[in-house]
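Asks: got a predicted model here, sequence first, then my questions.
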Amino acid sequence: MAFELPALPFSTNALAARGMCQETLELHHDKHHQAYVTALNGFVAAKPELQGKSLDEIILAVRGDAALAPVFNNAGQHWNHILFWNNLSPKGGAIPTKLETKIKEDFGSVETFKEDFKKAATSQFGSGWAWLVLDPSGKLVVTKTANGSNPLAENQGTTLLGLDVWEHAYYLDFRNRRPDYVTNYLDKLANYEFAEAQLSAA
């Protein structure tokens, strides 16, 4: 069964007042994410050993295999973007109580968490992602990955939040000002309710 592009959980103009314009969403979701899905389906169709596997299973099966890097990149980016769309909200920025308590417990303060996340996102050279994960020890940590990799592939734990720092994610809205994009995400767009649900499920 072929992988499909998931619908956005909001309209393409729902985030415009909070720093992500309709054109950004249409290009990012309808063009970039769709391209990853289309490419992944092509690779899977050509490789019987990958057919019938879930997205997670494909990522884990091909990681570290240089010959299958194109499969990994497109599967990883599909996984990353599925999470990313759920990480955004027209009502984003407000951190619910359970998650806030856990953030303060593990980072010392919400401000320190945001500083650590911003540092990870802005220091990722070139394309990649910044993440908030619940590590295997049960502690919240901020990580980053290059290109299409993610916490699943790198055994970092359960992903709560993931921010795309490829330029296509922010260039129309923030040009080359990645730090401003990250701050805007943390303060206005991040769906912390989704992150708390991920934490509870873990």
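Replies: Here it is on my side, so go on. Residues are numbered from 1 along each chain as shown.
Asks: what average pLDDT does the helix or strand where A39 lies get?
Replies: Here A39 sits within helix 34-46, counting by DSSP states H and E. Per-residue pLDDT values across helix 34-46 average out to 98.
Asks: stretch 128-148 too?
Replies: 98.
Asks: how about it: buried residues?
Replies: In terms of neighbour count (16 or more other C-beta atoms under 10 Å), stretch 128-148 has its buried residues at 128-134, 140-145, 147-148. In short, each C-beta sits where N, CA and C put it, glycine included.
Asks: grab the longest helix from this structure for me.
Replies: In the chain, with assignment by DSSP state H, the single longest helix is helix 69-86.
Asks: the residue minimising distance to the centre of the chain in helix, strand or coil?
Replies: The central residue of the chain, meaning the one whose C-alpha is nearest the mean C-alpha position (C-alpha atoms, centre = their mean), is G162 at 3.3 Å. The assignment at G162 comes out as strand when based on DSSP: H, G, I helix; E, B strand; the rest coil.
Asks: list the residues that contact it.
Replies: G162 makes contacts with N80, L83, F84, N87, W129, A130, W131, L132, N150, P151, as judged by C-beta atoms under 8 Å, 6 or more residues apart in numbering.
Asks: how close does the last one sit to H32?
Replies: Distance, P151 to H32, using C-beta to C-beta, to the nearest Å: 21 Å.
Asks: quick one: mean pLDDT over the longest helix of the chain.
Replies: On average, the pLDDT along helix 69-86 is 98.
Asks: so it versus helix 34-46, what angle?
Replies: Using axes from the mean of the first three to the mean of the last three C-alpha atoms, to 10 degrees, one finds that helix 69-86 and helix 34-46 are set 140 degrees apart in direction.
Asks: same for helix 69-86, what does it pack against?
Replies: Using 3 or more C-beta pairs under 8 Å, 6 or more residues apart in numbering; DSSP states H and E as the contact criterion, the elements in contact with helix 69-86 are helix 34-46, helix 55-62, strand 158-164.
Asks: can you redo those as TSV with distance to Y192?
Replies: Written out in TSV, the entries for the helices and strands packed on helix 69-86 read as follows (distance: least, C-beta to C-beta, whole Å):
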stretch	distance to Y192
helix 34-46	26
helix 55-62	24
strand 158-164	8
